[in-house]
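> no FASTA, just this:
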């Protein structure tokens, strides 16, 4: 076993190998604080026949890591959660471009979170452990990389901030890279500037270099396994020249079609015709000919952009496709928008729910169950690209794109205390030709404004591309699907006019320097502001009123001691109010009552009923109540459910009253005023205080209190006693 212990970001960092998962091709156990992640890598000896590099990454959080047992009926970990999938995507997107072109042996990466201290996030630790395991293994991985999370609290940059620090951070950025370049960026922010993002990337690079140094130190101790012998497919002499002569000019012409499917079909026809022509003489070179044709398409598009600055659909490098917007197109949805940019179209709806609609999350990163009151779900059906393919549940891509858009919009939501709704945004991608996730951001912003949600500002997003050959490069705004497929970068930036709220970058080359990223961010800002201008023409601010089909929510603060009265035995009271009014009522431990109802009348009825049960009597206030008991010294009146006060016989009416029953009887409805509350909480009520004194009636002298209270004595001077004598009395 080899092990090194260092200090990173002010906490203990341990890297070790050779103790766990020793039959894997490479493995690493990383410990940061008390969070531990095990990464294990395996590689197949044989080359795959798949048309893509078969890399599989699995990231799993074990509930025992936090001393928990999984919830539900099946007490074991099941399918990965959204959080696990997002962490898995961070690792996959960071390492995939660093395998050599043409390597096709199957590689599997497994990352297990086996201890969670509920302070340090395991995702960036898993990336570091994966890098070490890959470099130790037989896989021909380029070089060590590392990942860090960057936060900023009160202007101070923090590497790998704790969960508690992130709650106060205005930026949350995960950055992966090598010693001199960046390979992946993912994160969100609260309207920060492009300069702030560049500064965060600079801070991240310092931490990345430090972590790579630690990996190299352990690799020197442990040694590296001999790399797998492999070689790219050998090229047939002269075949590339023959294919190029027959197809290059035709493919370039076919690529320059503005419409997506026309372009795809024309290129496919050219490829097939050229292949058929050459296969007549070279029948054994089917795969190689098609591979060369694909390379010609790749180089044709890139060469044209770099030499002419014109793209295949005729746009300039910084030009955004035409935009059209329709809002409020779904009559029963609380808010909706149809956002179309070129041949990318998103139908987005917004739904307002109550506190009962929050998503409950059981995570190893917190001691208690957490809830989520804002959700964005992104759906990418096969018809959006004109394809036929099976639908097998929500894909990892859909979860990743949805999370990116959710981050972008979350930054502008009103505070829950001011707008206590659970919000769900659903984006249905109806057409896709580049950057449907950014169309989701734009459509989601418009749908929320159409729903009357008071967001702090409109949010737009744009996807940037890159074509780089040597020192020549071109940055592309609002990329097409073809440019994404044949280009070197997919860099998505979303935000408001004030700043960036979400960012994601994937590349297909070894890495990017900060200068190119600065230029891409500046060009992305121009594109974002242009799109925001188009959105502003359609809907400049949120609607003044919510949809008539959306629930109305009010909150009341009650005395926590009254919670039991509101809920009632086994929930009977609160259920009765809900059944009678149709409103939905929730109450938390602090006494905050939330009432939700569609329509004003059910809301007001429910509110009045809750107030009647939980209100505190106020001295000087007037109440209508029911006489519950009459006695010789007055009447007890219930002014609120379970709350009674005494109307003394002298307070029933002006003038002398001989018998209480001369004025009121049991069951009468009377109006009373609360005069006072004594030190024991007993209420003193009055009826005569609400009626004018008859003319000519003299002022009454206040009745002096009896020495032993106001109960009348019997004629023999003795106080009345309970039946049965003495103590308890009979029932």
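Right, received. Where do you want to start? Treat the numbers as computed from the prediction; the structure is a model and nothing was measured.

> skipping adjacent residues, who's closest to residue 439 in space?
Setting aside the residues directly before and after it, residue 439 is nearest to residue 346 in space (Cβ to Cβ, 6 or more residues apart in numbering), at 4.1 Å. Where C-beta positions appear, they are placed from N, C-alpha and C, glycine not excepted.

> report the secondary structure state of that neighbour.
With DSSP: H, G, I helix; E, B strand; the rest coil as the basis, residue 346 sits in strand.

> show me what it is bridged to.
Beta-bridge partners for residue 346, by DSSP bridges, are residue 339, residue 429.

> what does residue 29 give?
Going by DSSP bridges, residue 29 forms beta bridges with residue 16, residue 38.

> what sits against it?
14-17, 19-20, 36-38, 129 (Cβ atoms under 8 Å, 6 or more residues apart in numbering).

> most surrounded residue in those?
Neighbour counts for the contacts of residue 29 (other Cβ atoms under 10 Å) peak at residue 129, which has 31 neighbours.

> what sits against it?
By Cβ under 8 Å, 6+ apart, residue 129 lies in contact with 15, 28-30, 37-39, 111.

> quick one: which of those residues is nearest to residue 58?
Nearest to residue 58 among the contacts of residue 129, counting by Cβ to Cβ, is residue 111 at 6.9 Å.

> against residue 620, how distant is the closest one?
Distance, residue 111 to residue 620, using Cβ to Cβ, to the nearest Å: 67 Å.

> quick one: which of the two has more around it?
residue 111 (29 against 9).

> now do the contacts for the more buried one.
Residue 111 touches 37-39, 57-60, 87-88, 91, 126, 129-130, counting by Cβ under 8 Å, 6+ apart.

> picking that back up, residue 245: which of the contacts of residue 29 is nearest?
Nearest to residue 245, judged by Cβ to Cβ, of the contacts of residue 29 is residue 129 at 49.6 Å.

> which secondary structure state does the closest one sit in?
Residue 129 ends up helix, using three-state DSSP.

> now it. Nearest residue, chain neighbours left out?
That would be residue 39: by Cβ to Cβ, 6+ apart, it lies 3.6 Å from residue 129.

> what's the answer for residue 271, then?
Leaving aside its sequence neighbours, residue 271 sits nearest to residue 293 (Cβ to Cβ, 6+ apart; 4.6 Å).

> elements contacting the worst-scoring helix or strand of the chain on mean pLDDT?
Using mean pLDDT, DSSP states H and E, helix 600-614 stands out as the lowest-scoring helix or strand of the chain, at a mean of 85. The contact analysis (3 or more Cβ pairs under 8 Å, 6 or more residues apart in numbering; DSSP states H and E) places helix 600-614 against strand 552-557, helix 563-567, helix 572-581, strand 592-597.

> for the shortest one, buried residues please.
By neighbour count with 16 or more other Cβ atoms under 10 Å, helix 563-567 contains the buried residues 563, 565-567.

> now those residues as JSON lines including distance to residue 297 and pLDDT?
What follows is these, written out as JSON lines (distance: Cβ to Cβ, whole Å; pLDDT from 0 to 100):
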{"residue": "563", "distance to residue 297": "68", "pLDDT": "90"}
{"residue": "565", "distance to residue 297": "74", "pLDDT": "86"}
{"residue": "566", "distance to residue 297": "69", "pLDDT": "90"}
{"residue": "567", "distance to residue 297": "68", "pLDDT": "91"}
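
> much appreciated, bye for now.
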